[in-house]
Every structure is written in structure tokens, then in C-alpha cells.
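**Q** Quick one: sequence and predicted model below, then my questions.
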Protein chains: 2
Amino acid sequence: MRTIVTKDVFFAISDPTRRAVLDLLTGGSRKAGDIAARFSHLTQPGVSRHLRVLRDAGLVNVQVNAQQRIYKLNPEGLAELYEWVAKYQAMWPETLDALERYLNGKARPKRRRPR
Amino acid sequence: MRTIVTKDVFFAISDPTRRAVLDLLTGGSRKAGDIAARFSHLTQPGVSRHLRVLRDAGLVNVQVNAQQRIYKLNPEGLAELYEWVAKYQAMWPETLDALERYLNGKARPKRRRPR
DNA sequence: CGGTTATTTAACCATTAGGTTATTTTTTCC
DNA sequence: GGAAAAAATAACCTAATGGTTAAATAACCG
């Protein structure tokens, strides 16, 4: 029943490396070591600390397997962020031009409920 | 066709004060001074600097009016973030329980297109 | 012009973030 | 038990963040 957010989600995703880790994990769970290996410019402890931030923010879950730690994406951890941005997204002007230009077919903008 | 983002959006929204500014601006445009006045625990220059970060990130626009600066929310500046989070939101498990628990009626989860 | 108002920018300071190397912890394997 | 493997933590350093006060800019007004 945790509500205490040690380090908040907004903070967690503000770092590009951490976003890259999340992105990597969209491809499936990975061992800590494998994750660290992907960031050759960083050391293992460096990556480990990023993983901790992501853990604390509830964006990833860890499964222990002997000495290994399997990190799994927890996309639901982004619920707070999703809600936050949705509020602004709802304020998007009627002409969704800019958004559509930006998204450019990737993820369709939520269709306004025709009432 | 500006693509250069001085300071990125993820960074800009990572600070609670800046999020509070954005939130304030959802209520309509405000003069810099009025915004600063809302944050009594901060000094006016302090708030001014936050405004600069928001400006640089493209999250607000400024309209000059004599000595005043009218800040206006630019929700479209969050397009990048919206796209980013949507990718993860799409990975939400079929059972949207957790989200619904979280959102708790505020903003309905996007209904999966039947069929 | 000189003063006042509104706001930004500069200079500075304390704290935090993110990186490193070294160490510790935990578990497997011989 | 002892070496090896995997990962986390500790201790440390530098740079950046967020805050402050003081100064600079810019526009209005009498």
C-alpha cells in the first residue's frame, strides 16, 4: 500500500539515461548487468544508481534470481505522469495541427468524443 | 521550424515549482509579477528564472505589454512528452485496474477501440 | 529628464545530481 | 570454505540546480 514516493516520477524521467533504460526495457525484462552493458559510456555502479531511482519511482520492478536482478518495466508507474499531461493535452487547441505534425502518425491523438 | 530545444521539456517539468506555474497558467495568462506573487516563499527573481526555463522549453509564451510580460500557457509544448508517455501508456495491461484506481474518475482512461 | 514600476540578468552560495573507483553483499560453484 | 560472479552501496568529486541579493534594462509618467 505504498503511496510514499521516495523520488518522484517527474524527477526520474528527467534524466536521458533513465529514459533510455525505460526504453530498453520496453523490449522486455533484462538483467542489471545486461542493462549496464548497453551503456558502455557509464560504469556498472553508475547504471545501478539509475536503476535505483527508477525503482524508487515505481517505474520498474525487480525480480531476484540468485545473484542476478531482473528488471522489468512497470508502465503503470507512469500513471501519475499520464494523468498530468492529459490535463494539458485536453487543452490542446481544436486545430490539432501542431500535434499531428509532431506525432506524425505514430500515436493518434485521442479522438474527441463526438457527443 | 525550430527543433533546437535549449532545455528539454522533461527537465522543465521535473521541478515542482515550474509545474505549479504551469498549473496556475491553466487558469489563464498572467503577468510575471502576478505569478511571482503566488509563490510567496520565493523571491521574484527566483520565479523569473523558472519562467525562463519554461520559456526555453517552449511551454509558455510571452507577450510584451509595456514593462509587463504576460505569460501564456503553451500546452502544445508538451507534445513531445505526450508522445513519450503515450508509448508506455499503450503498454498498459489489458486490465486497467491500476490506472482506474489511480485516476479514480478524474480523467477516464482512453477506451480501447472495440474491434 | 528623473523617478517609479516591472522584469530580467549577474554574481554568488549551498545543495543535489550524476559520475567515478573502491568496497560490500549475496549467491553460486568447485 | 574459498574463489568467482553479479549487483548494490559507500565515499568521493565536479558540475549543475535552485535559491538569494544586487544590479541592469526598459517603459511609463509627471
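**A** Good, I have the coordinates.

**Q** Would you report the backbone torsion angles of residue A:62?
**A** phi -120, psi 140 (degrees, to the nearest 10).

**Q** Next, the contact list for it, please.
**A** A:55, A:69, A:70, A:71, A:72 (C-beta atoms under 8 Å, 6 or more residues apart in numbering or on different chains). Using the backbone N, CA and C atoms, a C-beta is placed for each residue, glycine as well.

**Q** and of those residues, the nearest to residue B:28?
**A** Looking at the contacts of residue A:62 and their distance to residue B:28, the nearest is residue A:55, at 39.3 Å (C-beta to C-beta).

**Q** and the helix ranked longest in chain A with chain B, contact?
**A** Determined from DSSP state H, the single longest helix within chain A is helix A:44-56. No: using C-beta under 8 Å from any C-beta of the partner chain, helix A:44-56 never reaches chain B; the gap is at least 12.0 Å.

**Q** Give me the distance from that helix to the chain's centre.
**A** 14 Å (C-alpha atoms, centre = their mean, to the nearest Å).

**Q** And stretch A:16-23, by the same measure?
**A** 7 Å.

**Q** same deal with stretch A:18-32?
**A** Per C-alpha atoms, centre = their mean, the centroid offset for stretch A:18-32 relative to its chain is 9 Å.

**Q** List the buried residues of it.
**A** By 16 or more other C-beta atoms under 10 Å in any protein chain shown, the buried positions in stretch A:18-32 come out as A:18, A:19, A:21, A:22, A:24, A:25, A:30, A:32.

**Q** residue ranges for the strands of chain A, please.
**A** A:30-31, A:60-65, A:68-73 (DSSP state E).

**Q** Using TSV, please lay out those together with mean pLDDT and distance to residue A:84.
**A** Shown next, in TSV, are the strands of chain A (pLDDT from 0 to 100; distance: least, C-beta to C-beta, whole Å):
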stretch	mean pLDDT	distance to residue A:84
strand A:30-31	97	28
strand A:60-65	95	20
strand A:68-73	96	19
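
**Q** Could you save these as a markdown table and add columns showing distance to residue B:43?
**A** Listed next are those as a markdown table, based on distance: least, C-beta to C-beta, whole Å:
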| stretch | distance to residue B:43 |
| --- | --- |
| strand A:30-31 | 45 |
| strand A:60-65 | 38 |
| strand A:68-73 | 41 |
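
**Q** Kindly provide the distance from the closest residue in space to residue A:11 that isn't next to it in sequence to DNA strand C.
**A** In this structure, residue A:11 finds its nearest non-sequential neighbour in residue B:14, 5.3 Å apart by C-beta to C-beta, 6 or more residues apart in numbering or on different chains. In this view, residue B:14 and DNA strand C are 9 Å apart by C-beta to the nearest atom of the strand, to the nearest Å.

**Q** how far away is the closest residue to residue A:31 other than its chain neighbours from residue B:38?
**A** The shortest distance from residue A:31 to any residue other than its chain neighbours is 5.0 Å, reached at residue A:68 (C-beta to C-beta, 6+ apart). Residue A:68 sits 49 Å away from residue B:38, taking C-beta to C-beta, to the nearest Å as the criterion.

**Q** hmm, which of the contacts of residue A:62 are the buried ones?
**A** A:55, A:69, A:71.

**Q** Can you name the residue of chain A nearest chain B?
**A** Per C-beta to the nearest C-beta, residue A:14 is where chain A lies closest to chain B, at 3.6 Å.

**Q** which residues does the residue nearest to residue A:31 form a beta bridge with?
**A** residue A:65 (DSSP bridges).
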